[in-house]
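1. All I have is the shape, not the residue letters:
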């Protein structure tokens, strides 16, 4: 259970439940990564822009229980 910070671009998105998305990120240090972005489809979500196609930014990923979760993103 650790936090990873990496530069990444969103290659693919898939809707997951009502307000979540599964993102496919491409990172120079981690390669291709599947990450869950919780609550990103809500209108006031700070992760709304970070979960769109070809969004480039510095993603903070939480690893735990077999999958990664996006906790924050700073778009560049």
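-> Here it is on my side, so go on. Everything numeric in this text was worked out from a predicted model, so none of it was measured.
2. how many neighbours does residue 27 have?
-> Residues lying near residue 27 (other Cβ atoms under 10 Å) number 16. (Each C-beta comes from the backbone N, C-alpha and C, glycine too.)
3. ditto for residue 15
-> The burial count for residue 15: 10, using other Cβ under 10 Å.
4. ok now do it, which residues does it touch?
-> Counting by Cβ atoms under 8 Å, 6 or more residues apart in numbering, residue 15 makes contact with 21, 22, 41.
5. out of those, who's nearest residue 63?
-> Nearest to residue 63, judged by Cβ to Cβ, of the contacts of residue 15 is residue 22 at 15.3 Å.
6. neighbours of that closest one, just the number please.
-> Neighbour tally, residue 22, other Cβ under 10 Å: 16.
7. Enumerate the beta-bridge partners assigned to it.
-> residue 14, residue 36 (DSSP bridges).
8. excluding its backbone neighbours, what's nearest residue 12?
-> What sits nearest to residue 12 in space, not counting adjacent residues and going by Cβ to Cβ, 6 or more residues apart in numbering, is residue 24, at 4.0 Å.
9. ok, that neighbour touching residue 8?
-> No: using Cβ atoms under 8 Å, residue 24 is not in contact with residue 8; the gap is 9.8 Å.
10. Between the two, which has more neighbouring residues?
-> Shown here are residue 24 and residue 8; by other Cβ under 10 Å, residue 8 has more neighbours (26 against 15).
11. and that one, what are its bridge partners?
-> residue 57.
12. tell me the contacts of it?
-> By Cβ under 8 Å, 6+ apart, the contact set of residue 8 is 25, 26, 27, 30, 33, 56, 57, 58, 59.
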